[in-house]
Structures are given as C-alpha cells and as structure tokens.
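Chemist: this is a predicted model, with the sequence first.
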Amino acid sequence: MIEAVLVMAGLALLIGTGLLVTGARLGATGADAAVDRINQLLPQSQCAQCGYPGCRPYAAAILRDEAPINRCAPGGDPTIAALARLLQRSPQPLDTDYGTHQPARVAVIDEALCIGCARCLEVCPVDAIVGAPRFMHTVLAAQCTGCELCLPPCPVDCITLEPAGADT
Ligand code: SF4
Ligand code: SF4
Ligand code: SF4
C-alpha cells in the first residue's frame, strides 16, 4: 500500500514538473516573439550606443521595462515614435546622454595608409569590412551603418566617416 502511494506521488511530481517546463517554454516563446517585434523597429546598427551590446538586447531590456524607449540615437525620433505606437506609450525626446541622431554616414578607409592589421574587421558588427591580414581593407558601403566602432581600433587612423551616398 505504501509503495503504491509512493508511486502515485512520484507520478504526480513528474507530471507537475512537465507542466511547469511546458509553461516556462510557452512563456519564453511569447517573450521571444515580443522581443522580435520590438527588435524589428530598431535600426540594426548593433552600435551599442543605447548601453546594450546590440539591438536585440536593448529590445529585451525594453520589454522587461529595464530601459526606456528613447535611447537609440541612430533610430532617433522615428524609432521612438514606432516603439511608442507598438508599446502604447507616450513618445519621449531622444535621451542625448546616449548620443545624438546623425545623418546617415559610412566608413571609408584610406587604402594608401591601411596596413592590413585587420583590427577593424574584428569589431565590425555587420561584416561591412572586407580584407585579409597584411592586405589593405575596404568597406562595403551598402552594409556599413556608420556605427563608428571600427575607428578606435585602427592604429593608423585611416578610417573616416563620410555622408552616405557621397561618391567615395
Ligand atoms: S543604439 Fe540603436 S542601433 Fe545601436 S545597438 Fe542600440 S538599438 Fe541598436
Ligand atoms: S565599417 Fe565601421 S562604421 Fe561601418 S558598420 Fe562596420 S564598424 Fe560600423
Ligand atoms: S584597422 Fe586600420 S590599418 Fe588595420 S586593417 Fe583596418 S583600416 Fe587598415
């Protein structure tokens, strides 16, 4: 009799645990979908100006209510307005502690100065730089978001930002 009770208790525990895991999964899926919807409104520069290591982590922080909707300088007012609409919040001015909105720019490498160290290539979050160690590097303008992350690592300061669409 005691054995039967123990078996029943074990089964109940297993079923309960399964339901908990399933519930957690459903919750995670719902949260993922919500993060995706917020993330789709962000510029995907992956520049980290918002204080998070990329657009999706910032989207997740917004969803958790850990970050306000006005920290994305590359997106500026249109992004804030879109986030406000989606989340049914009031639009706020851009928080300039996290950068100012700039016209679109792209990085340009002075190929005569480039020493091919590849340090810029390692930090570009969108793979906009092509090159190989010890060969000069170049930027794919269509990929570049102008995030500036490649500027500090360049030991010879041969990367500049130019207005997007300029004949470079
Ligand atoms: S500041 Fe904007 S574009 Fe840059 S990583 Fe954050 S959300 Fe993405
Ligand atoms: S090339 Fe430089 S500025 Fe352009 S996306 Fe890559 S890291 Fe950012
Ligand atoms: S970091 Fe500067 S020198 Fe090194 S490969 Fe990039 S552009 Fe060239």
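Modeler: Looks like it arrived, so ask away. Everything quoted here is computed from the prediction, not taken from an experiment. Numbering: from 1, shown residues only. Ligands and ions are numbered 1, 2, ... in the order given.

Chemist: neighbours around the closest residue to Leu140 other than its chain neighbours, how many?
Modeler: Among residues not flanking Leu140 along the chain, Ala128 sits closest, at 5.0 Å (C-beta to C-beta, 6 or more residues apart in numbering). (C-beta placed from N, C-alpha, C; glycine too.) Look at Ala128: counted by other C-beta atoms under 10 Å, it has 21 neighbours.

Chemist: list the contacts of Ala128.
Modeler: By C-beta atoms under 8 Å, 6 or more residues apart in numbering, the contact list for Ala128 reads 107, 139-141, 143-145.

Chemist: repeat that with 6 Å
Modeler: 139-140, 143-144 (C-beta atoms under 6 Å, 6 or more residues apart in numbering).

Chemist: next, give me the two most distant ones among the residues you listed.
Modeler: Pairwise distances among the contacts of Ala128 were taken by C-beta to C-beta; the largest, 7.9 Å, belongs to Val139 and Gln143.

Chemist: before we move on, the earlier item: and the contacts of Ala128, which of them are in strands?
Modeler: Mapping those onto strands (DSSP state E) picks out Val139.

Chemist: any chance of JSON lines for the contacts of Ala128, columns distance to Gly30?
Modeler: Converted to JSON lines, the contacts of Ala128 look like this (distance: C-beta to C-beta, whole Å):
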{"residue": "Val139", "distance to Gly30": "39"}
{"residue": "Leu140", "distance to Gly30": "37"}
{"residue": "Gln143", "distance to Gly30": "32"}
{"residue": "Cys144", "distance to Gly30": "35"}
